[in-house]
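Q: After the sequence you'll find the predicted model.
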Amino acid sequence: MSPKLTARARRRAIGEIIEARFTLGAFEVTRRTDPSYWASPRNDMGRGIYGEAIREKRRLQAVPDDELMAESAAARLIGRA
């Protein structure tokens with residue numbers, strides 16, 4: 001049985017996973033710095049990907065520690081590819 005993750009470790013693991021899969025940070029910068037572009041029809045796909053990332057983040061918040069650790073390890077492999 002694996003040790004229980006702290007709240008901080010869970011947040012960090014979730015952040016690593018989401019960033020590796022979606023590059024959420026880039027979307028958040030655009031959302032904050034250029035709201036007119038963010039809301040434009042031209043950025044429809046970006047908003048869709050952002051929404052998917054947020055849904056995945058919420059899903060990850062509910063998974064058990066073992067699954068979260070496995071997904072975090074897989075995300076690190078994605079980041080190296």
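A: Looks like it came in fine. What you see is a predicted model; the values in this text were computed from it and never measured.

Q: residue contacts, the spatially most central residue of the chain?
A: The centroid of the chain falls nearest to residue 18 when counting by Cα atoms, centre = their mean (1.9 Å). When contacts are counted by Cβ atoms under 8 Å, 6 or more residues apart in numbering, residue 18 touches 24, 53, 56-57, 60. In this view, the C-beta of every residue, glycine as well, is placed from N, C-alpha and C.

Q: Closest one of those to residue 70?
A: Closest approach between those and residue 70, by Cβ to Cβ: residue 60, at 11.4 Å.

Q: which one is the closest one nearest to, not counting chain neighbours?
A: residue 14 (4.8 Å; Cβ to Cβ, 6 or more residues apart in numbering).

Q: Give me the contacts around the helix or strand of the chain with the lowest mean pLDDT.
A: Using mean pLDDT, DSSP states H and E, helix 65-80 stands out as the lowest-scoring helix or strand of the chain, at a mean of 85. For helix 65-80, contacts defined as Cβ under 8 Å, 6+ apart pick out 2, 4-5, 10, 13-14, 16-17, 19-21, 60, 63.
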